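# got a sequence here, can you build the structure:
(one chain, ligands or ions: 1)
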Amino acid sequence: MKLDILVIAAHPDDAELACSGTIAAQVAKGYKVGILDLTKGEMGTRGTPEIRMQESEEASKILGVSIRENLGFKDIFFRDDDSHRLEIVKIIRKYKPEIVLANAVTDRHPDHGKGGAVASNACFMSGLRKIETHFDGIDQAPWRPKYVYHYIQNNYIKPDFVVDITDFWGIKIESIKAFRSQFYDPNNKEPQSFISSAEFLDFVEARSREFGHSIMVKYGEGFTVERTLGITDLFDLK
Ligand SMILES: [Zn+2]
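Numbers count the residues shown, from 1 in each chain. As a prediction, the model looks like this:
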């Protein structure tokens, strides 16, 4: 299967928190979107890898993504090195996405900046003919996504562009709440974490409102670019 967009995320729930409105918006336009989680988030305060896998499956259904894979890298300990990049290259060559959405270039959680870097480096390597990879015993052809955009997650970064997700806000929140072990649930007796308070979901909404406000809509998601984007018509900019 060929994808239009591949979202690469350090942890299951990063995609939902930072760019699920954009995913839902693109799926609604008929594009094929997939998610590649790099780790199972096993170092998180709450939940287990098994629970988080079930939750990400549920979130994927809510978002309507075509595929979701998990590379099983070690949470916290994975590196932006050749062996990790090559594992991602195999997935990029398998699904041939035109656009890759990757973690923020820097964030509170160190895996996010690392995840953004390893994904971006893998996108470049994937286009190099002399880097040979095999998948299911078959030689893979080189493939470089045309664009890599980094989704802004926890720490504020001034976005290079904002996607209007107003019509998809409900789906975004529903997909986040699918991760019941992670976010606010008054019946959950596990220890509190940075993201498990009711206030954290208020923050997610506040950030989306802030980005939305910046482009004069209700809700938005912000991204940074790696290279300057070009247009031929000034009126394409909104
Ligand atoms: Zn994360």
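
# quick one: the strands in the protein, in order.
With DSSP state E, the ranges of strands along the chain come out as 5-9, 33-39, 67-73, 99-102, 134-135, 138-139, 147-151, 161-164, 220-225.

# pick the most buried one from these.
Among the strands of the chain, strand 5-9 has the highest mean neighbour count (mean count of other CB atoms under 10 Å), at a mean of 29. In this view, the C-beta of every residue, glycine as well, is placed from N, C-alpha and C.

# hmm, that one in reach of the ion?
No. Strand 5-9 does not reach the ion (CB under 5 Å from the ion); its nearest approach is 7.2 Å.

# ok, residues contacting that strand?
With contacts defined as CB atoms under 8 Å, 6 or more residues apart in numbering, strand 5-9 is touched by 15, 19, 23, 26, 31-38, 65, 88, 91-92, 95, 97-103, 115, 119, 122, 145, 151.

# if we go to 6 Å?
15, 26, 33-37, 95, 97, 99-102, 119 (CB atoms under 6 Å, 6 or more residues apart in numbering).

# in CSV: the strands of the chain, plus mean pLDDT.
Listed next are those as CSV, based on pLDDT from 0 to 100:
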stretch, mean pLDDT
strand 5-9, 98
strand 33-39, 98
strand 67-73, 98
strand 99-102, 98
strand 134-135, 94
strand 138-139, 95
strand 147-151, 98
strand 161-164, 98
strand 220-225, 98
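
# tell me the residues on the protein that lie near the ion, please.
Neighbours of the ion within the chain, by CB under 5 Å from the ion: 11, 14, 109.

# okay, now the residue nearest to the last one when sequence neighbours are not counted: neighbour count?
Leaving aside its chain neighbours, residue 109 sits nearest to residue 154 (6.9 Å; criterion: CB to CB, 6 or more residues apart in numbering). The local packing count at residue 154 equals 19, with neighbours defined by other CB atoms under 10 Å.

# how much space separates whatever residue of the chain ends up closest to the ion from residue 17?
For the chain and the ion, the shortest gap (CB to the ion) falls at residue 11, measuring 3.5 Å. For residue 11, the distance to residue 17 (CB to CB, to the nearest Å) stands at 9 Å.

# again with residue 53
Distance, residue 53 to residue 17, by CB to CB: 17 Å.

# same question for residue 23.
As for residue 23, its distance to residue 17 is 12 Å (criterion: CB to CB).

# okay, now the unreliable bits of this structure?
Within the chain, no stretch falls below the threshold (pLDDT under 70).

# okay, how far is it across stretch 95-111, tip to tip?
24 Å (CA to CA, to the nearest Å).

# that one: which residues count as buried?
Buried residues in stretch 95-111, counted by 16 or more other CB atoms under 10 Å: 95, 96, 97, 99, 100, 101, 102, 103, 104, 107, 109, 111.

# just the residues contacting that stretch, thanks.
2-8, 10, 19, 34, 112-113, 115-116, 119-120, 123, 143, 145-155.

# more crowded one of residue 23 and residue 17?
residue 23 (32 against 24).

# residue contacts, the more buried one?
Counting by CB under 6 Å, 6+ apart, residue 23 makes contact with 33, 63.

# now residue 71
Going by CB under 6 Å, 6+ apart, residue 71 touches 38, 87.

# gap between it and residue 179?
When residue 71 is compared with residue 179 (using CB to CB), they lie 19 Å apart.

# cool, and residue 76?
Remark: distance between residue 76 and residue 179 (CB to CB) = 18 Å.

# now do residue 234
Residue 234 is 41 Å from residue 179, by CB to CB.

# compare those two (neighbour count), which wins?
When neighbours are counted by other CB under 10 Å, residue 234 and residue 179 differ, and residue 179 comes out ahead with 25 against 6.
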